[in-house]
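# Starting from these lines, generate the structure:
(chains A and B)
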Number of protein chains: 2
Amino acid sequence: MPATTKFLLDEKDLPKDWYNIVADLPTPLPPPLHPGTKQPLGPDDLAPLFPKSLILQEVSVERTIEIPEPVREVFRLWRPSPLYRARRLEKALDTPAHIYYKYEGVSPAGSHKPNTAVPQAWYNAQAGVKKLTTETGAGQWGCSLAFAGSLFNLDITVFQVRVSYDQKPYRRALMETYGAQCLPSPSSSTRSGLAILEKNPNHLGSLGIAISEAVEVAALHEDTKYALGSVLNHVMLHQTIVGQETIRQFELAGEDPDIVIACAGGGSNFAGMAFPFLGMQLRGGANSKKRRVIAAEPVGCPSLTRGKYAYDFGDTAHLTPLVKMHTLGSTFMPAGFHAGGLRYHGMSPLVSHLKELNLIEARAYHQTACFEAGVLFARHEGIVPAPEANHAVKAAMDEALRCKYEGRTEVIVFNLSGHGHFDMTAYQNYLSGKLVDQEYDQDELQTALRGLPSVE
Amino acid sequence: MPATTKFLLDEKDLPKDWYNIVADLPTPLPPPLHPGTKQPLGPDDLAPLFPKSLILQEVSVERTIEIPEPVREVFRLWRPSPLYRARRLEKALDTPAHIYYKYEGVSPAGSHKPNTAVPQAWYNAQAGVKKLTTETGAGQWGCSLAFAGSLFNLDITVFQVRVSYDQKPYRRALMETYGAQCLPSPSSSTRSGLAILEKNPNHLGSLGIAISEAVEVAALHEDTKYALGSVLNHVMLHQTIVGQETIRQFELAGEDPDIVIACAGGGSNFAGMAFPFLGMQLRGGANSKKRRVIAAEPVGCPSLTRGKYAYDFGDTAHLTPLVKMHTLGSTFMPAGFHAGGLRYHGMSPLVSHLKELNLIEARAYHQTACFEAGVLFARHEGIVPAPEANHAVKAAMDEALRCKYEGRTEVIVFNLSGHGHFDMTAYQNYLSGKLVDQEYDQDELQTALRGLPSVE
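Prediction:
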């Protein structure tokens, strides 16, 4: 009998509820604050941007929230996603560790992002919303919301960071194939975009700017809401389907991970994988063993490892609420690197809170080391990971090599959050030796951190 | 209980044998001929190009050939692949037909091609071969052989049709990520390439030319063999894993297809889906009902619908054996269209033979109609099909609409042979109205057909 390569769940094993880690936190999450009054935000303050159903999820303290059946119906197009045992990689590394990866690249958009795009689109459609705006960097999120919008007849407008808009036309084409409109940000169609362009007509854009533009459009139109692909509590919530499936798949595998790994930009694919495991630990009882939970981020945008845990804006134009998170400052411009999905100045407040509670670890990697890991992975496991996911691959390989030197058989799982088929230019640059590891500007970081808003 | 969306098989249900339709043919396949003597080819004639194991498969009349366990071990990275019921598409078309699709885009290279790349690489590695050469058009095949080569430590050199080499750098980057070398064809590294370049230094290349280059390099070096991604009997054989899985998945679905559809360029994804169904019919007994089996090809390169059934060369430089097939003539240059995998002047001799026996139908589509079908499919089913696969999508939609007008509930299945994530430029051209339907040159076709070799 050959060794099993992948662990599949039946459609009937698709989780019926999302898991809300807020219910199990040992200390409560600091509340979001109104950007003007700096007082805790009420649900009404978010009403211009989100439908009531999602606002209730954002502030919910219930442990489980039911996944609506029409959302599960769409999930069945690609979920449950497979869990793989990376036997070829283990052999290549000559490690006693058991390496597993959960593969989210099987979604139609090629990443984990549809896990939240679909429910966000559905809840908005239910609320009578006609149009959603959003921002995107490399385009994984924009493509996912475009896909979800096409299923529920929502108009989708995506503000894409200009440097990615110009460099990655394939993801833009995917958004348009799904029927969405994609604009380069900063754009001339918003006040916040125009303000940036007046100072610098060739501005390359940033996620913070694109968020400002998308929020501005949503706030100005009655039938238009805003959707965010990461950072917020309800987005983390939606992604927990990933970790829940993984836990069931480990039951099939007859193992239990000692180390849980994901990359972290805004925190959503990390939360999706990690929160259900952390929840078992926080609740105690069966399966509550302490596991190491590791977030891997880029050196060029190291919010968890070098940022300050402080209240900050989610965007550059300061239109969003203030949230307490690990931040590099909302004016921070990350160094140039290819993992566009990790180029965000902040971090999910929930992930940040868990880091402050020492429930998770974080580490930062240079991109060439990540691409080296990704290429090794591709040549043994076949799948070419997205540049973002390469950070998780690198962290998993590091831990597997530590196991080798220590002679320990530990079980490692990481979230392979998307495939790299839209990122082959980055691979080509790596293979031809053109990829460099850029440091962010230390002075700029200090300036950005000094600019953090003062809160009482 | 919600309606099932996809039908999955366990790894233990991975087929153990390939199905060889040669064993069930009502009349024998005309033999390949030596290009010089025009006498039937002996196995030794192929020895410079292929290892003995693959030559034996090429000429085998056994009904089943065992899939080696190391090959099945690799297949488990993505196989069995899912069969989907396209409920959203059915609803959008308002058809009583039941539409199913087998999705081969889940392979690491994104198409069905690894189904034969992996065994070809393995058999060559077993025979002590160090290096494989091949040709590729759009790059699906080149990427797949590069992937397979990386698993079995084979050096892979891919001659890519120059127009695709220049227009689709992402697929080239994927080949290089897997460690392969990719050269634009015509190249200056072979005699056949140089001969073309001398006449026209800016020649855009063709599959026929690239085959000549790859065959030439393999024939000249002891440790180097050649691999072909379609046309040959052993390639059709390897793809039958697709149809075998589909038959088992229909048992799970409790249905049985009336119409089986695939696109056809060289014929391999068509054969993979169709041959196991045709085999049941040819053998008689249980499940032997007559099903309509439809090959969908491009108007710009219509070998099955407009070609001549005659002996012809597989390549432009006339280095390959002569095989009896539907051909447009080895000098025919297809019209410009985006489905690079369908731009071949010939057709699998097995598929051609079945066409002559009236066991299959063929139809040709213009590319804009195919992209229109592909976009509709993407907006309802999520998956963006490769341009080649859009021909199958179009044929399936046409049949589903016929069912609607006739008020018939027929069961349709098609092979969704790959995803279009590397082909988004083509989608963008379609969406922006830049895509045109080009006709091939009628005079050129007549000239190419007049140039067919005379065989007694």
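
# Tell me where the stretch 51-200 of chain A has strands.
A:64-66, A:83-85, A:98-103, A:131-136, A:155-161, A:181-185 (DSSP state E, counting those that start in this stretch).

# so can I have JSON lines of those showing distance to residue B:334?
Where C-beta positions appear, they are placed from N, C-alpha and C, glycine not excepted. As requested, the strands of the stretch 51-200 of chain A are exported to JSON lines (distance: least, CB to CB, whole Å):
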{"stretch": "strand A:64-66", "distance to residue B:334": "54"}
{"stretch": "strand A:83-85", "distance to residue B:334": "39"}
{"stretch": "strand A:98-103", "distance to residue B:334": "36"}
{"stretch": "strand A:131-136", "distance to residue B:334": "37"}
{"stretch": "strand A:155-161", "distance to residue B:334": "35"}
{"stretch": "strand A:181-185", "distance to residue B:334": "32"}
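
# Compile those strands into JSON lines and extend it with columns for distance to residue B:233 and mean neighbour count.
As requested, the strands of the stretch 51-200 of chain A are arranged in JSON lines below (distance: least, CB to CB, whole Å; neighbours: other CB atoms under 10 Å in any protein chain shown):
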{"stretch": "strand A:64-66", "distance to residue B:233": "54", "mean neighbour count": "15"}
{"stretch": "strand A:83-85", "distance to residue B:233": "33", "mean neighbour count": "23"}
{"stretch": "strand A:98-103", "distance to residue B:233": "34", "mean neighbour count": "25"}
{"stretch": "strand A:131-136", "distance to residue B:233": "47", "mean neighbour count": "27"}
{"stretch": "strand A:155-161", "distance to residue B:233": "48", "mean neighbour count": "26"}
{"stretch": "strand A:181-185", "distance to residue B:233": "46", "mean neighbour count": "22"}
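
# Give me the distance between the most centrally placed residue in chain A and residue B:101.
Nearest to the mean C-alpha position of chain A, counting by CA atoms, centre = their mean, stands residue A:268 at 3.4 Å. Residue A:268 is 30 Å from residue B:101, where distance means CB to CB, to the nearest Å.

# so which of the strands of the stretch 51-200 of chain A gets nearest chain B?
Comparing the strands of the stretch 51-200 of chain A by their distance to chain B (CB to the nearest CB), the top pick is strand A:83-85, with 7.7 Å.

# Note down every partner strand of the closest one and its orientation.
strand A:6-7 (antiparallel), strand A:98-103 (antiparallel) (DSSP bridges).

# Return the distance of the longest one from the chain's centre.
Taking the mean of its C-alpha atoms, strand A:98-103 sits 18 Å from the chain's own mean (CA atoms, centre = their mean, to the nearest Å).

# contacting residues around that strand?
A:81-86, A:89-90, A:93, A:242, A:245-246, A:249-250, A:253, A:255, A:257, A:273, A:381, A:383, A:396, A:400, A:409-416 (CB atoms under 8 Å, 6 or more residues apart in numbering or on different chains).

# Can you say which of those residues are buried?
Neighbour-count burial (16 or more other CB atoms under 10 Å in any protein chain shown) is assigned, among the contacts of strand A:98-103, to A:81-86, A:89-90, A:93, A:242, A:245-246, A:249-250, A:253, A:257, A:273, A:381, A:383, A:396, A:400, A:410-416.

# Same question for the lowest-mean-pLDDT helix or strand in chain A: list its buried residues.
Counting by mean pLDDT, DSSP states H and E, chain A has its least confident helix or strand at helix A:162-167, which shows a mean of 88. For helix A:162-167, a neighbour-count test (16+ other CB under 10 Å) marks A:162, A:163, A:164, A:165, A:167 as buried.

# check contacts around the second one.
In other words, residue A:163. Taking CB under 8 Å, 6+ apart, one finds A:204, A:205 in contact with residue A:163.

# Ok, the fourth one next?
If a contact means CB under 8 Å, 6+ apart, then residue A:165 has A:172, A:182, A:184, A:185, A:205 as its contacts.

# Kindly identify which of these also come near chain B.
residue A:172 (CB under 8 Å from any CB of the partner chain).

# Mind putting the contacts of residue A:165 into JSON lines with pLDDT?
Converted to JSON lines, these look like this (pLDDT from 0 to 100):
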{"residue": "A:172", "pLDDT": "94"}
{"residue": "A:182", "pLDDT": "97"}
{"residue": "A:184", "pLDDT": "97"}
{"residue": "A:185", "pLDDT": "96"}
{"residue": "A:205", "pLDDT": "89"}
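
# Out of the contacts of residue A:165, which comes closest to residue B:22?
For the contacts of residue A:165, the residue nearest residue B:22 by CB to CB is residue A:172; the value is 47.2 Å.

# neighbours around that closest one, how many?
25 (other CB atoms under 10 Å in any protein chain shown).

# Give me the nearest residue to the closest residue to chain B within the stretch 1-150 of chain A, chain neighbours excluded.
When scored by CB to the nearest CB, the stretch 1-150 of chain A has residue A:108 as its residue closest to chain B, at 3.2 Å. The spatially closest residue to residue A:108, leaving aside those adjacent along the chain, is residue B:382, at 3.2 Å (CB to CB, 6 or more residues apart in numbering or on different chains).

# tell me the contacts of that neighbour?
Counted by CB under 8 Å, 6+ apart, residue B:382 has contacts A:77, A:78, A:107, A:108, A:109, A:147, A:151.

# and which of those residues is nearest residue B:298?
Of the contacts of residue B:382, the one sitting nearest to residue B:298 (CB to CB) turns out to be residue A:108, at 24.9 Å.

# Quick one: residues contacting that closest one.
Residue A:108 touches A:77, A:78, A:114, A:147, B:378, B:381, B:382, B:383, B:384, counting by CB under 8 Å, 6+ apart.

# Let's see that with 10 Å instead.
A:74, A:77-78, A:114, A:143-144, A:147-148, A:150-151, A:174, A:178, B:105, B:378, B:381-384, B:419, B:421 (CB atoms under 10 Å, 6 or more residues apart in numbering or on different chains).

# do the same with residue A:435
So residue A:435 contacts A:337, A:338, A:366, A:367, A:368, A:370, A:371, A:372, A:426, A:427, A:428, A:429 (CB under 10 Å, 6+ apart).

# would it count as being in a strand?
No - secondary structure assignment places residue A:435 outside any strand; it is coil (DSSP: H, G, I helix; E, B strand; the rest coil).
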